[in-house]
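J.: structure for this input, please:
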Amino acid sequence: MQPSEVLASISLANKAPLSTGKLIFCNESDKCKDALAGMSANNLSCLPVFNAAGDAIGLLDMVDITAFVATLHGTTIDWKTSLRDAHEWVKWNQALVKDALTSSRCAVTISDKGSFLDGARALVNSKCHRVLVSNDAKQVVNVLTQSDVVKTLYNNLEKMDTNVLHRPLALFKNIEKTNVTMHVGGTASSGGNVLYVDQDSKAIEAFRLLHRWGFTALPVVDLDKEHKLVGTISARDVRGIIDTDDFPQVLYNSTALEFSDKMHAKTGLPPTGAAASLAHTFKEAIEMLHALKVHRLWVVNDKQQVINVLSLTDVLAEVVASEAA
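T.: Residues are numbered from 1 along each chain as shown. Purely as a prediction, here's the structure:
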């Protein structure tokens, strides 16, 4: 079976219920710091956002929050440190969910009567990392994430055609490729899709770069060792390692490598997150993404330099494309 056929055979009704037992959400008028606390307390990647009328208007996640902080930090770049820190602390504590919510990230909703393939299509077409699942009464009853789909693929690998399973990443049509890189403090060159941050740069600079280019993670490299991969900074992973009382100052005071090491020490991930080569197969990629619970694989060469990125978005796009194969 093709991966798309496997997903088409599994109903969204089979998706595990919400781990919290009920839908955890926030209102657009809630404070960002309270929404962040809710995500951390419930180990959630996002919160559905509702307006005063009770309509779902979006999904707030750590990308939104770190982008808001990075933008705020950019507006005070010429201020004295003490005044800057005080101003940003006040602004952060006053910020509302609607101030951070990304307007372009709409609340995409699919029916719980559909299949996992329907969910994968919605994720790929909307370029979202998660979609809301509603029942016949139009009530939001669940959330489907890219990781949910990858987990379903992992649980059904034995049903797939061996030619699919052993297909190397080098043959993937949907993979972010690059010949040149863009980095903090450097010059952006045309044709590059993989950005990186020097290990000695401040973590906040990495998040400003993520916000500027619309990415969710950056490889951390050692410029003195031929740009060798030494870590990962991800906006989505920070919820599990930050003390909300120390946010956002922790982003200003830590280097990229310090922040990466802190994240990986907390989660138990390898220091570099997850690295693969173009020789790795579809099966191996799914197994790594599932086992390490990461949203991307850095594809490296023999010198451990990042040359490609295989994201969950790329994997799902590859699966959806297999429909027409």
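J.: which secondary element of this protein has the worst mean pLDDT?
T.: Between all helices and strands in the chain, the lowest mean by mean pLDDT, DSSP states H and E belongs to strand 182-183, at a mean of 43.
J.: any idea how far the following helix or strand past that strand is from the middle of the chain?
T.: Using DSSP states H and E, the helix or strand that directly follows strand 182-183 along the chain is strand 195-198. With CA atoms, centre = their mean, to the nearest Å as the basis, strand 195-198 stands 17 Å off its chain's centre.
J.: strand partners of strand 195-198, parallel vs antiparallel please.
T.: strand 182-183 (parallel), strand 217-222 (parallel) (DSSP bridges).
J.: out of the ones you listed, deepest packed?
T.: strand 217-222 (a mean of 24; mean count of other CB atoms under 10 Å). Every residue, glycine included, has its C-beta placed from N, CA and C.
J.: that one - what's its average pLDDT?
T.: If you average the pLDDT over strand 217-222, you get 90.
J.: so how far is Lys91 from Ile24?
T.: Using CB to CB, to the nearest Å, we find Ile24 at a distance of 25 Å from Lys91.
J.: where along the protein do the strands fall?
T.: Per DSSP state E, the chain carries strands over the ranges 26-27, 46-50, 56-61, 109-111, 130-134, 140-145, 176-177, 182-183, 195-198, 217-222, 228-234, 275-276, 296-300, 306-311.
J.: and those as JSON lines, adding distance to Phe68?
T.: Below are these laid out as JSON lines (distance: least, CB to CB, whole Å):
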{"stretch": "strand 26-27", "distance to Phe68": "14"}
{"stretch": "strand 46-50", "distance to Phe68": "14"}
{"stretch": "strand 56-61", "distance to Phe68": "10"}
{"stretch": "strand 109-111", "distance to Phe68": "24"}
{"stretch": "strand 130-134", "distance to Phe68": "19"}
{"stretch": "strand 140-145", "distance to Phe68": "22"}
{"stretch": "strand 176-177", "distance to Phe68": "25"}
{"stretch": "strand 182-183", "distance to Phe68": "23"}
{"stretch": "strand 195-198", "distance to Phe68": "19"}
{"stretch": "strand 217-222", "distance to Phe68": "18"}
{"stretch": "strand 228-234", "distance to Phe68": "17"}
{"stretch": "strand 275-276", "distance to Phe68": "30"}
{"stretch": "strand 296-300", "distance to Phe68": "23"}
{"stretch": "strand 306-311", "distance to Phe68": "23"}
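J.: low-confidence stretches in this protein?
T.: Across the chain, the ranges flagged by pLDDT under 70 are 16-21, 103-106, 176-193, 237, 240-245, 266-273, 324-325.
J.: for it, identify the residue most remote from the centre.
T.: Lys80 (32.9 Å; CA atoms, centre = their mean).
J.: Leu289: which of the strands of the chain is closest?
T.: The stretch from the strands of the chain with the least distance to Leu289 (CB to CB) is strand 296-300; that distance is 6.7 Å.
J.: could you list the domains of the protein?
T.: Domain ranges of the chain: 3-158, 166-324, per automatic domain parsing.
J.: from the chain's centroid, how far away is the last one?
T.: Spelled out, it's domain 166-324. 10 Å.
J.: just the shortest one next, same as before
T.: Going by CA atoms, centre = their mean, the spacing between the C-alpha centre of domain 3-158 and its chain's C-alpha centre is 10 Å.
J.: and that domain, end to end?
T.: 11 Å (CA to CA, to the nearest Å).
J.: got it, and stretch 235-255?
T.: End-to-end for stretch 235-255, by CA to CA: 15 Å.
J.: I'd like the distance between Ser111 and Thr152.
T.: 17 Å.
J.: also Val141?
T.: When Val141 is compared with Thr152 (using CB to CB), they lie 18 Å apart.
J.: the two: who's more crowded?
T.: Thr152 (21 against 15; other CB atoms under 10 Å).
J.: OK, contacts around the closest residue to that one other than its chain neighbours?
T.: Counting by CB to CB, 6 or more residues apart in numbering, Thr152 lies nearest to Phe116, which is 5.4 Å off, once chain neighbours are set aside. Neighbouring residues of Phe116 by CB atoms under 8 Å, 6 or more residues apart in numbering: Leu7, Ala8, Ile10, Ser11, Leu12, Lys15, Val149, Thr152.
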